[in-house]
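Trainee: How does the following fold in three dimensions:
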Amino acid sequence: MQARENLLVRNRNFRLVWAGQVLSQAGSRAYFINLLWWIVTTSSISGESADSATSAAWASGILLVLMGLPSVLMMKVIGRTLSRYPTKKILVGFELCGAALSLVVFALAATGRLDLGWTWALSGLIAICQSFVDPALVKAVPELVDEADIEGAVGFESATQAIAFFSGAALGAIASGTLGFVFTIGLNALSYLASALMTLGASFRVNAQPQSAPEDLAHPDTKAVALPPDVPPLLRAFGLANLFMFPLFLILPLFVSKSLGGSVITLGVLEACFWLGLVAGAASAGLVPVISGDFLRTSAALFFFFGGMLASVALLASQWWVGLVLLAGGASAGILNVKVVTYFQNAVPETLRGNFFARLQAWVTGVQPASYLLFTFVLTFISPQHGFAACGVGLVATGAYCWMRSRKKHP
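Mentor: Below is the predicted model of the structure:
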């Protein structure tokens, strides 16, 4: 416990990379939440009619689809890149590209020329940069910390996104509401640049791999270096769960604007509840036991809990209850992330890690296009609060899948 609590103090290299990612991901979340709010409230699609709500849902859905496609379409390219090039170069290079693209968005917004077409195109390019950064950050853990610190580092890494998204959602919404949309978009470029400079100052341990190492998970030579049997079903469960978790960020702006009649600050606070819960869950994951030593069974219990909470929104759709649901659900997601990713770090052979974490990233974010398209269509027929309930039913089904796979091992 002491090593985990003091990791940031003891390890300068991990501290620099971690703090840089908090900055860049916070800037990205502020960028993302403000673009969604801009789409929902812009004059061309705003209003109180059902057609207006449908247009906002479709415009938001297209943005989210474009931001989710790169990790799927480029999975093999990302895997080969992670395997062939130093992790540090990948992180710094793509963060600098993200900064340059964000500056273009800022310039268009400042001159009044930002429209949906530019928003979709540039956000898709920024997503390409991030699709390399995210799995590279996971792969970098053993290059920055000792083996004994891996679980603690994974906990901090899970908290990275949660802290960043919590602060980005809350402060981004406040900045937009007080200083304006354009200023908040500019923060994203600065955050990417700061992260690149901090990562540049860190030292990464180089783990040499033999040239003949079987880096392709589908390569026949990998039969000699097999994945543990629990890894594939957990990987599939991650993908299935995200099919129902990602749409929460499509539903939230519509729920706040159309159901609550709230502001961007209300949206930021509600989304921050989820990320605050994720921080708490990641921080307390070490205190939560793995049920009977079975990660599938533990995952099932957490999916059941989060799904049940979301389903309850169909009966009680106040902003206070939704905030509590997102807080509790975020905590369960934080615990799940730390437990399962730590298991992956320890279970996946080193020669397979590059492509495995690219595949993990594809499973985690690659379902975004399908999930956003599905729920964009679903939200033309049901209210946002019933959209929350639909997500909950899907998570309960994911829990049932994990439980059944566990029962096959322990009949």
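
Trainee: Neighbours of the nearest residue to residue 132 once chain neighbours are set aside, how many?
Mentor: For residue 132, ignoring the flanking residues on the chain, the nearest one in space by Cβ to Cβ, 6 or more residues apart in numbering is residue 94 at 4.6 Å. The C-beta positions use only the backbone N, C-alpha and C, and glycine is treated the same way. If you count neighbours by other Cβ atoms under 10 Å, residue 94 ends up with 22.

Trainee: Contact partners for residue 94?
Mentor: Counting by Cβ atoms under 8 Å, 6 or more residues apart in numbering, residue 94 touches 129, 130, 132, 133, 136.

Trainee: Give me the buried subset of these.
Mentor: The neighbour count (16 or more other Cβ atoms under 10 Å) marks 129, 130, 132, 133, 136 as buried among the contacts of residue 94.

Trainee: Dump the contacts of residue 94 into a markdown table; add distance to residue 325, pLDDT and secondary structure as well.
Mentor: Output for those, formatted as a markdown table (distance: Cβ to Cβ, whole Å; pLDDT from 0 to 100; DSSP: H, G, I helix; E, B strand; the rest coil):
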| residue | distance to residue 325 | pLDDT | secondary structure |
| --- | --- | --- | --- |
| 129 | 32 | 90 | helix |
| 130 | 27 | 86 | helix |
| 132 | 33 | 89 | helix |
| 133 | 30 | 87 | helix |
| 136 | 33 | 85 | helix |
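
Trainee: rewinding a little: how much space between the residue nearest to residue 132 and residue 400?
Mentor: 38 Å (Cβ to Cβ, to the nearest Å).

Trainee: With residue 90 instead?
Mentor: Counting by Cβ to Cβ, the separation of residue 90 from residue 400 is 38 Å.

Trainee: So between these two, which is more surrounded?
Mentor: residue 90 (22 against 14).

Trainee: which stretch of helix or strand covers that one?
Mentor: Element membership for residue 90, per DSSP states H and E: helix 87-110.

Trainee: which parts of that helix are buried?
Mentor: By neighbour count on 16+ other Cβ under 10 Å, the buried set for helix 87-110 is 87-88, 90-99, 101-106, 108-109.

Trainee: ditto for stretch 398-405
Mentor: 398, 399, 401, 402, 403, 405.

Trainee: CA atoms of that stretch as CSV?
Mentor: The C-alpha coordinates for stretch 398-405 follow below in CSV (Å, rounded to 0.1, in the frame of the first residue of the first chain):
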residue,chain,number,x,y,z
THR,A,398,-22.7,-8.0,-20.1
GLY,A,399,-22.6,-9.0,-16.5
ALA,A,400,-24.7,-12.1,-17.4
TYR,A,401,-22.1,-13.0,-20.1
CYS,A,402,-19.2,-12.8,-17.6
TRP,A,403,-21.1,-14.8,-15.1
MET,A,404,-21.9,-17.6,-17.6
ARG,A,405,-18.3,-17.8,-18.7
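
Trainee: Let me know the average pLDDT across it.
Mentor: Regarding stretch 398-405, the rounded mean pLDDT is 91.

Trainee: distance between that stretch and the chain's centre?
Mentor: 22 Å (Cα atoms, centre = their mean, to the nearest Å).

Trainee: just stretch 31-41 next, same as before
Mentor: So, by Cα atoms, centre = their mean, the centroid of stretch 31-41 is 18 Å from its chain's centroid.

Trainee: same check, this time on stretch 186-204
Mentor: In terms of Cα atoms, centre = their mean, the centre of stretch 186-204 is set 19 Å apart from its chain centre.

Trainee: next one: stretch 174-186
Mentor: Taking mean C-alpha positions (Cα atoms, centre = their mean), stretch 174-186 and its chain are 23 Å apart.

Trainee: what's next to it, contact-wise?
Mentor: 30-31, 34-35, 37-38, 102, 105-106, 109-110, 172, 187, 263-265, 268.

Trainee: Please repeat the previous calculation with a cut-off of 7 Å.
Mentor: 30-31, 34, 38, 105-106, 109-110, 172, 263-265, 268 (Cβ atoms under 7 Å, 6 or more residues apart in numbering).

Trainee: List just the nearest of those residues to residue 278.
Mentor: residue 268 (15.5 Å; Cβ to Cβ).

Trainee: Next, count neighbours for that closest one.
Mentor: The number of residues packed near residue 268 is 28, by other Cβ under 10 Å.

Trainee: separation between it and residue 252?
Mentor: Going from residue 268 to residue 252 by Cβ to Cβ gives 10 Å.

Trainee: cool, and residue 260?
Mentor: Relative to residue 252, residue 260 is positioned 10 Å away (Cβ to Cβ).

Trainee: and what of residue 125?
Mentor: Counting by Cβ to Cβ - residue 125 and residue 252 are separated by 25 Å.

Trainee: Equivalent analysis for residue 35, please.
Mentor: 13 Å.

Trainee: tell me which element the spatially closest residue to residue 294 that is not a sequence neighbour falls in.
Mentor: Closest residue to residue 294 apart from its sequence neighbours, by Cβ to Cβ, 6+ apart: residue 406 at 5.5 Å. In this assignment (DSSP H and E), residue 406 forms part of helix 384-409.

Trainee: neighbour-wise, which of residue 260 and residue 252 wins?
Mentor: residue 252 (24 against 18).

Trainee: show me what contacts that one?
Mentor: 267, 270, 271.

Trainee: So the first one sits against residue 251, correct?
Mentor: Spelled out, it's residue 267. No - look at residue 267 against residue 251 with Cβ atoms under 7 Å: they stay out of range, at 11.1 Å.

Trainee: Closest one to residue 23 out of the contacts of residue 252, please.
Mentor: Distance to residue 23 across the contacts of residue 252 (Cβ to Cβ) is lowest for residue 271, with 18.4 Å.

Trainee: State the distance from the closest one to residue 140.
Mentor: From residue 271 over to residue 140 (counting by Cβ to Cβ), the distance is 27 Å.

Trainee: what stretches of the stretch 1-150 of the chain score poorly on pLDDT?
Mentor: For the stretch 1-150 of the chain, applying pLDDT under 70 flags the ranges 1-6, 42-54, 56-57.

Trainee: Spell out the residue ranges of the strands in it.
Mentor: Counting by DSSP state E, counting those that start in this stretch, the stretch 1-150 of the chain has no strands to list.

Trainee: which stretches of the stretch 101-250 of the chain form helices?
Mentor: For the stretch 101-250 of the chain, applying DSSP state H, counting those that start in this stretch gives helices covering 116-139, 141-144, 150-178, 181-200, 231-245, 248-254.
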